[in-house]
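In: Sharing a sequence plus its predicted fold:
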Amino acid sequence: MQVPAYVEYEKATSVDHALTLLARFGPEARVLAGGHSLIPMMKLRLAQPETLIDINGLTGLSYIEVTDGELRIGAMTRHAQLLDSAVAGQRFAILHDAERVIADPVVRLWGTVGGSLCQADPSEDLSAAFAALKATMVIQNLTGTRTVHAREFHTGPYETVVAPGELLTEIRIAIVPGGGSAYQKVGRRVGDWPIGAAGAAIWLDNGSDSGTIADAGIGLTAVGAEHFSAAAAEDFLRGAPATQETFARAGQIAAEHCRPVSDQRGPADYKRHLAGELTARALGAALARATGAGPLPPVQRSPGQRSPGSPRPRRGGS
Amino acid sequence: MSPVSDHLPNGPYGPVPRKEDARFVRGRGTFVDDIKLPGMLHGAVLRSPLAHARIVSIDTAAAEAHPSVEAVITGDMLAGRNLAWMPTLSADVQAVLATDKVRFQGQEVAFVVARDRYSARDAIELITVEYEPLPPVIDARTALDPDAAVIRDDLPGKADNRIFDWAAGDREATDAVFAAADVVVDCDMLYPRVHPAPLETCGVVADMDHVSGRLTVWATTQAPHAHRTLYALITGLPEHKIRVVSPDVGGGFGNKVPIYPGYLCAIVGSILTGRPVKWVEDRSENLMSTSFARDYHMHGEIAATRDGKILGLRAKVLADHGAFNGAAQPTKFPAGFFHIFTGSYDLQAAYCEVTGVYTNKAPGGVAYSCSFRITEAVYLVERMVDLLARELGMDAAGLRMQNLLRPEQFPYTCPTGWVYDSGDYPRALRAAMDLAGYEDLRREQTARRERGEYMGIGVSFFTEGVGAGPRKQMDILGLGMADGADLRIYPTGKAVLSVSCQTQGQGHETTFAQIVAAELGLSPDDVEVVHGDTDRTPFGLGTYGSRSTAVSGAAAVVAARKARERARIVAAAMMEVSADDLEWTEGAWRVRGDPEQAASIAAIAMAAHSGLDLPDGVEGHLDTETVYNPPNLTFPFGAYICVTDVDPGTGQVAVRRFIAVDDCGVRINPMIVEGQVHGGLADGIGMALMQAIAFDADGNCLGGSFMDYLLPSAVECPSWELGATVTPSPHHPIGAKGIGESATVGSPAAVVNSVIDALAPLGVRHADMPLTPAAVWSAIQGRPLRSDLAITD
Ligand SMILES: Cc1cc2nc3c(=O)[nH]c(=O)nc-3n(C[C@H](O)[C@H](O)[C@H](O)COP(=O)(O)OP(=O)(O)OC[C@H]3O[C@@H](n4cnc5c(N)ncnc54)[C@H](O)[C@@H]3O)c2cc1C
């Protein structure tokens, strides 16, 4: 058994209470959400906070709703809730694609959307998904709230703009018609962190059958992409025809602009290749969803996932 | 076709539910970490962060000052008691706590004993060690370079990193066969370092009672009796004052055969404090410091005629043993049973050479259900046969069928001297092909290839040699590998069998009860199996190498048959007939020609304990004991077929089907046998697709958690399709062979052969395990070989 170092524990009962506790205990205090990143780090003694401020009682931060043309997700929403949410899945299938391949059911039942984003692990799937969707993060402190674009949220590996004394409270995604989205991930095993993954969202001009891309968002995970995104590839896509050739080229551009590092999951050149391949595949899947066109391209299978002969139940959503 | 259900035996043999499951499914098992003794203290190990460094100084003052710390133990303190080094199971020595140098990352440097686990761990951080880094030797292929640092300068006169050179087979005959052959195919392949990763890590509770002079050690051990002897030899405590108890064990796979430094530290801690000391390692400690498996760099060559007759096999192996030679195997076999590498084929000559080297990595080598390195041997020959099939343009199954040993060749002496006891290999391969629908699969593959889809069909056939072993040839540290069994039959006809082997999940409490029940006409419920406590069981070498049923199981049969013979005499006295007039039928001694006149074991047992007048020399009671010295190994075999689908764009592999036909002789409990096969097949998928204990160039272990060292899940495993053939062992008293490791031994080659088969249209000939998406993609790019190191650009 790995055992953490000594730590104080406080249970917050409201957002204000949590913020007050954070102010009182200072920069060595850490918020405890699902704990699926923080507790393992504490057990390995890679993190040794002096105080844990448990925000699991803040049930008011656990919601998924459509308000003012936006999908709004409370920071304490569990992965499993997002995966179960028909509203989220219908609007942004990428979220269900991503959630389906994050960790395992046990982790998903407890880990939170907010915790994932604040952990800012370069391999965190939701960071790329929200980057592709060009989401906005709502951050609260004792003096009020501010919003930050998803692409300005992460300042580096394991670093975000959320300052000591602040909480991430909500994620907002604008609902724009004519859109489709998808997420493709390759791991070494089910529940594995990604070797590389790509998310894509595209919005077509004048609705679904023009064939011209009005806007696109690309999110990249674990491949050293700046802000989990691929801005140059998005620029290339804007105004281009939505074809496989375009997507392949966008994948190449995305691959060129990322800076993967070699590790035991794979060498850098493989990860770069994956960035391109998965970007192109995700764009293709996103287009199919945007146009509602017939059968989806074959969904990426992770190693050992059930073969065609043995169907697995799939959750709803497009 | 031979589906398993055709082989369900009757009577006490059969798929009876496992007795041990009642406590496990209720959470009522007792594992080492469940043991709590009054006044018990807790230990923690300080480990080296460096792979190779000289220890300049160790300062323990701050740790000793910690209010909850009872003792801090260092190598120097142990040296004062002559305990700084301990013997390994391969006649080497291993540091208990480092005194001079650290030789691998994770090596034990100091041990803290504190009042609770948290304080022990906190105090570890208060110890300051000053290291002077030395150049590490990480890649085994550089270990023998003239300028490589000498790792084992503790050994007198040691000037290089060579451990042994060992060879088997006939070199000249093999060279001649190769020189005359039409076709020779060769290949380099690495069987990477993997780890058995039992879900329960290793641990111990040591309790030295200074008043009685007795030491009790509860430990995660697969070999309690061997451990007792080792503790006596190492500590100098008298062996009759040492009791080793192996309670419930959560998986062993060879990981729990050796003695680890933490065990000895806990014992010393208990001696010093006079209180029980518990030490249970965490997951990272288990993965980084305890017995790994494999790490064989192999070069294989196979010779054949143009029409596919295999003639000869040659192998050259560089074996990475880590910093201490701690491989657990019969002493006379430094490369284990690797030289059974001719496998299941009828060939003329074979020769192999193995060189063992030290590197700055954790010690071990023989573990993970490897049947003493037969895993490596089977992988080599099965890859080579596939490569030959490719070269000759022949079907992989067809080439095997053509070369398999034929039933009439048994008992068969292979070119390196093993005597295979029994087998019908073509029947097993045909059964697997029928279960798979092999010919249809090949047709499907052709159609898919035309559509640009990559489907692979991999075949492997294996022969194992298990049940070590004949004591003349096989010993561990001088202890011959025979097993005792002790059977008591109580007056009411209930029996208790005591055996030396130790279940780690194999279901001995059920299987062994079935064995005795079948011999004595009892129900398995009437037989209790005692194991895992040296005070309550006869001596024997433990459970690994699939030896329990083959050796201890045979001992149980012999003990039961002895009791049955004694019962015959008692029955004769009871029924006032001559013992010669009795015959054992339908679970009772019956008067020949008058089967109504009969006595069951229960009735006889009561009489045997009564005042009944017995013939001279017959002592009464039915208790018996025996020591079983196996005349030979048993040789289980099997045919495996694996179907995969590969996505060349991402390198992902999906195992679609896995067909396994196993022949382990007579199946006592077919359900348990199937469970063993299921587990081993999952192991095989793990090794083939995702597992490696990898290192960076500095010797940092990159497989120290389950985030990096992956165990396969149900998602990666297809629904296993099992079949069976039954070819009894002629020399085992009930014809059984071992099954514990068959699937682990046989399955990795089937998976790899399948992936390579899928990639054949892309020109891929070989790729080393684990075939992660990155490795598959790299192979497609023409870079099939992994380096010894994990990270290569
Ligand atoms: C076995 C396993 C496998 C996993 N696999 C994957 C995977 O494949 N892909 C993937 O993306 N993730 C994976 N994860 C990570 C998982 O998604 C995250 O651990 C988890 O969701 C983080 O959320 P949490 O609620 O557990 O955060 P916590 O561990 O509680 O917190 C993480 C960090 O965020 C801070 N924090 C949390 N909430 C807030 C907030 N509202 N405001 C400010 N700071 C906050 C905490 O102080 C802490 O520093 C895996 C985790 C495990 C254990």
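Out: Thanks, I have the structure now. Numbering: from 1, shown residues only, chains lettered A, B, ... in the order given.
In: which ones are touching residue 214?
Out: Answering for chain A, as no chain was given. Shown in contact with residue A:214 (CB atoms under 8 Å, 6 or more residues apart in numbering or on different chains): A:178, A:203-205, A:238-239. In this view, the C-beta of every residue, glycine as well, is placed from N, C-alpha and C.
In: wait, chain B
Out: Residue B:214 neighbours (CB under 8 Å, 6+ apart): B:208, B:241-243.
In: Report pLDDT for it.
Out: pLDDT for residue B:214: 98.
In: Please apply the same query to the one 4 residues further on.
Out: In this prediction, residue B:218 carries a pLDDT score of 98.
In: Residue for residue, what is the longest helix chain A has?
Out: As assigned by DSSP state H, the longest helix anywhere in chain A is helix A:268-291.
In: So, low pLDDT: which residues of chain A?
Out: A:207-209, A:293-318 (pLDDT under 70).
In: So which residues of it form strands?
Out: For chain A, the strands defined by DSSP state E cover A:8-11, A:29-32, A:51-54, A:64-67, A:70-74, A:136-141, A:144-149, A:154-156, A:159-160, A:167-174, A:179-186, A:196-204, A:213-221.
In: Now do the fifth one: everything it contacts.
Out: Under the contact criterion CB under 8 Å, 6+ apart, strand A:70-74 has outside partners A:60-66, A:82, A:87-88, A:91-92, A:113-114, A:169-175.
In: Which ChimeraX command selects the buried ones in the contacts of residue A:214?
Out: Applying 16 or more other CB atoms under 10 Å in any protein chain shown to the contacts of residue A:214 leaves a buried subset, and the ChimeraX line that selects it is:
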select /A:178,203,204
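In: The stretch 501-650 of chain B against the ligand: which residues are in contact?
Out: Within the stretch 501-650 of chain B, no position lies close to the ligand (CB under 6 Å from any ligand atom).
In: Hmm, I typed the wrong one, I wanted chain A.
Out: A:30-38, A:40, A:75, A:79, A:102-103, A:107, A:111-112, A:114-116, A:118-119, A:124-126, A:162, A:167-168, A:191, A:193.
In: Mind splitting chain A into its structural domains?
Out: Chain A resolves into domains spanning A:8-54, A:59-174, A:179-291 when parsed by automatic domain parsing.
In: Revised request: answer the last question for chain B.
Out: Using automatic domain parsing, the domain parsing of chain B gives B:4-29+B:482-628, B:32-134+B:201-249+B:256-289, B:292-468+B:632-780.
In: and the domains of chain A, which is most packed in?
Out: Sort the domains of chain A by mean neighbour count, taking mean count of other CB atoms under 10 Å in any protein chain shown, and domain A:179-291 sits at the top with a mean of 23.
In: Quick one: end-to-end distance for it.
Out: 8 Å (CA to CA, to the nearest Å).
In: now stretch B:716-726
Out: 29 Å.
In: Check which helix or strand the residue nearest to residue B:178 when sequence neighbours are not counted maps to.
Out: Among residues not flanking residue B:178 along the chain, residue B:303 sits closest, at 4.6 Å (CB to CB, 6 or more residues apart in numbering or on different chains). Here residue B:303, judged by DSSP states H and E, is contained in strand B:292-304.
In: Show me the residue at the heart of chain A, geometrically.
Out: residue A:126 (1.0 Å; CA atoms, centre = their mean).
In: wait, that one sits on residue A:102?
Out: Yes: the pair residue A:126 and residue A:102 qualifies as a contact (CB atoms under 8 Å) at a distance of 7.3 Å.
In: Overlap in contacts, those two.
Out: residue A:116.
In: so who does residue B:662 touch?
Out: Applying CB under 8 Å, 6+ apart, the residues near residue B:662 are B:636-638, B:673, B:677, B:722-724, B:739, B:742-743.
In: For whichever residue of the stretch 551-700 of chain B sits closest to chain A, which three-state class applies?
Out: Proximity to chain A, evaluated over the stretch 551-700 of chain B using CB to the nearest CB, is greatest for residue B:656 at 4.1 Å. With DSSP: H, G, I helix; E, B strand; the rest coil as the basis, residue B:656 sits in strand.
In: looking at this, residue B:616 is in a helix?
Out: No: going by three-state DSSP, the assignment for residue B:616 is coil, not a helix.
In: Give me the pLDDT value at it.
Out: 89.
In: what's near enough to touch the residue in the stretch 201-350 of chain B positioned nearest to chain A?
Out: The nearest approach of the stretch 201-350 of chain B to chain A comes at residue B:282, 4.5 Å away (CB to the nearest CB). Taking CB under 8 Å, 6+ apart, we find residue B:282 in contact with A:1-2, B:201.
In: Highest neighbour count among these?
Out: residue B:201 (23 neighbours; other CB atoms under 10 Å in any protein chain shown).
In: Kindly provide the distance from residue B:55 to residue B:45.
Out: Applying CB to CB, to the nearest Å, the value for residue B:55 to residue B:45 is 15 Å.
In: and the two? which has more neighbours close in?
Out: Remark: of residue B:55 and residue B:45, residue B:45 carries more neighbours, 26 against 20, as counted by other CB under 10 Å.
In: Fine, thanks again, bye for now.
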